[in-house]
Structure formats: structure tokens, C-alpha cells
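A.B. asks: Return a 3D structure for these sequence lines:
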Amino acid sequence: MTTTIPTAEPAAPRSTRRSRPTTTLTRTSGIGLGVTMLWFSLLVLIPLVAVIITASSGGWSAFANQLNNEQTASAILLTIRAAIVVTLINVVVGTVIAWVLVRDKFWGKGLLEVIIDIPFALPTIVAGLVLLSLYGSESPLGLHWANTSMSVYLALAFVTLPFVVRMVQPVLEELDADVEEAAASLGASRFTTFRRIILPSLAPAIAAGAALSFARGMGEYGSLVLLSGNLPFKSEVASVRILSAIENDNREGAAAIAAMLLVVSLLVIVVLDLVQRRMVRRG
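C.D. replies: From the prediction side, this is the model:
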């Protein structure tokens with residue numbers, strides 16, 4: 001009579017065992033994360049949720065009715081159109097300015113570096129006053145753009161100018177010139193070198209600057225108060241329309257406009273962020 005000795009089943013390979021997720025947060029880091037999320041919630045998340053709740057308090061039909069108002073729709077469309085056009089201009093002009101500041105040496109370069117940051121430091125109402133003196137009814141340049149739709153594009157171009165420049169400039173400074181020299185030695189033209197080597201490296205920074213430029217343009221108010229004249233169906237933007245709704249005790253209407261601007265801005269930022277991430281992976 002023979003007996004069989006049971007054998008233990010082979011242990012599963014170590015690589016197939018599930019490992020518990022590990023965390024690198026220490027107690028101090030956890031406290032820092034908690035403070036960060038609390039501060040972020042108080043400043044951003046909770047106010048945004050409050051705006052959405054206020055906008056939808058009367059139901060989605062009331063929300064749609066607020067946005068279907070002809071004057072409101074005109075203001076929103078003008079704001080979105082101006083923000084898109086100015087952002088596209090900034091992508092081109094801002095990249096060129098950054099290129100000049102990094103690659104060229106000329107007299108007054110330091111002064112130009114300071115002037116570019118003026119829209120960051122200058123109160124927007126003062127910016128509107130400056131633009132009004134140059135492009136108002138007594139314009140020394142002969143360009144009478146105040147109280148016209150052109151004033152919206154002009155104001156947004158002024159306040160959003162530095163974003164693309166300041167995002168692209170440090171990336172240009174870090175680019176290795178040896179790569180460009182190698183491409184030139186292999187017979188590549190300057191345009192080919194820029195298109196195949198430089199531009200892919202700059203694309204993430206350009207996308208980030210464009211997102212900031214568009215978001216700032218969507219919410220701009222101060223520089224438009226004096227310059228645009230806030231004329232309905234002509235030069236009234238969404239931010240001014242929000243103020244008018246609040247002054248008329250129409251908080252639901254103001255919240256509906258704000259919610260629409262929020263949705264559009266988030267969509268554009270997400271799209272540009274996806275483009276930026278894709279460029280980074282390809283690079």
C-alpha cells in the first residue's frame with residue numbers, strides 16, 4: 001500500500017501579489033496638505049459651488065432664460081470672441097517678444113523687461129485711464145476707439161500681454177544651443193530648425209500662457225469701465241453685465257452669467273492643458 005504525501009501549492013510569484021499603496025506623507029506634510037486644501041476650499045472651491053447653486057436655484061429653465069436675454073447673450077459672445085482673438089494674438093506676439101528678449105542684445109533691453117510687467121502691477125482702472133487718453137475722443141494718435149467694440153480688444157490685449165511672454169521666456173533661456181547648431185550643420189534651414197526643434201519645446205509654455213491669457217480676458221473689468229463705455233450690444237462685456245444684474249437685485253442672473261464664464265474658461269483651460277501634456281510626452 002502506497003501513500004501519497006500532499007505537497008504544498010507553489011507560492012504565487014512575488015510580482016503577482018498586490019502591494020499596498022504607499023504614501024510619502026509625513027505628519028508635517030499631512031498637516032501642510034490639510035491647510036492647503038482648507039485654504040484652497042475657502043478661496044476657490046466653496047465660492048465656485050455657491051455661484052453654481054445660486055445660478056441653478058430657480059431651476060435650469062430659469063438659468064437658460066437668464067442667458068437667453070439678448071443683451072446678456074451679446075455681452076457673453078463679445079467677451080468670448082475678444083478673449084479668443086486676443087489670446088491668439090498673444091501667442092504670436094508674445095512668443096516673438098520673448099524670442100527678442102532672450103536671443104537678441106540691444107540698447108534699452110532692461111527697460112523693455114520692466115515695461116512688459118507693467119500690466120501686472122498697474123491697477124486696471126488706471127490702465128483704462130491711460131488707454132482712454134491715447135485712444136479716446138481726443139486721441140493724439142488719431143485712433144478714436146473709445147466706446148466701440150475695438151476698445152474691448154485693446155483693453156484685453158493690454159492686460160494679457162505679459163502672460164505668454166513670461167511663460168515662454170524662461171523656456172527659451174534653457175534651450176540648448178548645441179542642438180540648433182547640430183541641425184544647422186546637417187543642412188536644416190532656420191525655419192525647419194524652429195519648426196522641428198524649438199517650437200515643440202516651447203509649445204507647453206505657449207499653451208500655459210494662452211490659458212492664463214484667455215482666463216484673464218474672460219474676467220476683465222477694470223480697464224473696460226472707462227474705455228468701452230459699457231454700451232449694450234456694442235461694447236458691454238460679461239463682467240459689466242454681471243455688475244448691472246447685481247445692481248438690479250438680480251443675483252440669479254449675475255450668477256448665471258458667472259457660471260457660464262466659468263464653464264467656458266474651464267473648458268478652454270482643460271483643452272490647453274491636454275495639449276500641453278501631449279506636447280510634453282512627445283518631447
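
A.B. asks: so where's the stretch 1-150 of the chain shaky on pLDDT?
C.D. replies: Within the stretch 1-150 of the chain, the stretches with pLDDT under 70 are 1-24.

A.B. asks: Spell out, range by range, the helices that occur in it.
C.D. replies: In the stretch 1-150 of the chain, helices defined by DSSP state H, counting those that start in this stretch lie at 27-40, 46-55, 60-68, 70-103, 109-116, 118-121, 124-135, 149-174, listed in chain order.

A.B. asks: what's the closest of these to residue 255?
C.D. replies: When the helices of the stretch 1-150 of the chain are compared by CB to CB, helix 46-55 sits nearest residue 255, at 3.9 Å. For every residue, glycine as well, the C-beta is placed using N, CA and C.

A.B. asks: buried sites along the closest one?
C.D. replies: Residues of helix 46-55 classed as buried: 51, 52, 54, 55 (neighbour count, 16 or more other CB atoms under 10 Å).

A.B. asks: With distance to residue 210 as extra columns, can I get the helices of the stretch 1-150 of the chain in JSON lines?
C.D. replies: As requested, these are exported to JSON lines (distance: least, CB to CB, whole Å):
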{"stretch": "helix 27-40", "distance to residue 210": "24"}
{"stretch": "helix 46-55", "distance to residue 210": "22"}
{"stretch": "helix 60-68", "distance to residue 210": "26"}
{"stretch": "helix 70-103", "distance to residue 210": "5"}
{"stretch": "helix 109-116", "distance to residue 210": "17"}
{"stretch": "helix 118-121", "distance to residue 210": "16"}
{"stretch": "helix 124-135", "distance to residue 210": "20"}
{"stretch": "helix 149-174", "distance to residue 210": "7"}
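
A.B. asks: Buried deepest among those helices, which one?
C.D. replies: Sort the helices of the stretch 1-150 of the chain by mean neighbour count, taking mean count of other CB atoms under 10 Å, and helix 149-174 sits at the top with a mean of 21.

A.B. asks: Tell me the gap between it and the middle of its chain.
C.D. replies: Computed by CA atoms, centre = their mean, to the nearest Å, the chain-centroid distance of helix 149-174 equals 11 Å.

A.B. asks: now do stretch 116-132
C.D. replies: With CA atoms, centre = their mean, you get 19 Å for stretch 116-132.

A.B. asks: ok, the buried residues of helix 46-55 vs residue 266, which is closest?
C.D. replies: Within the buried residues of helix 46-55, the smallest distance to residue 266 is 11.6 Å, found for residue 52 (CB to CB).

A.B. asks: any idea what sits nearest the closest one, other than its immediate chain neighbours?
C.D. replies: Distance criterion CB to CB, 6 or more residues apart in numbering; nearest residue to residue 52, sequence neighbours excluded, is residue 259 at 5.6 Å.

A.B. asks: Now do the one you found, the pLDDT please.
C.D. replies: pLDDT for residue 259: 87.

A.B. asks: Now the helix or strand containing it: buried residues?
C.D. replies: Secondary structure assignment for residue 259, by DSSP states H and E: helix 251-282. Using 16+ other CB under 10 Å as the test for burial, helix 251-282 gives 252-262, 264-265, 268-269, 272, 275-276, 279.
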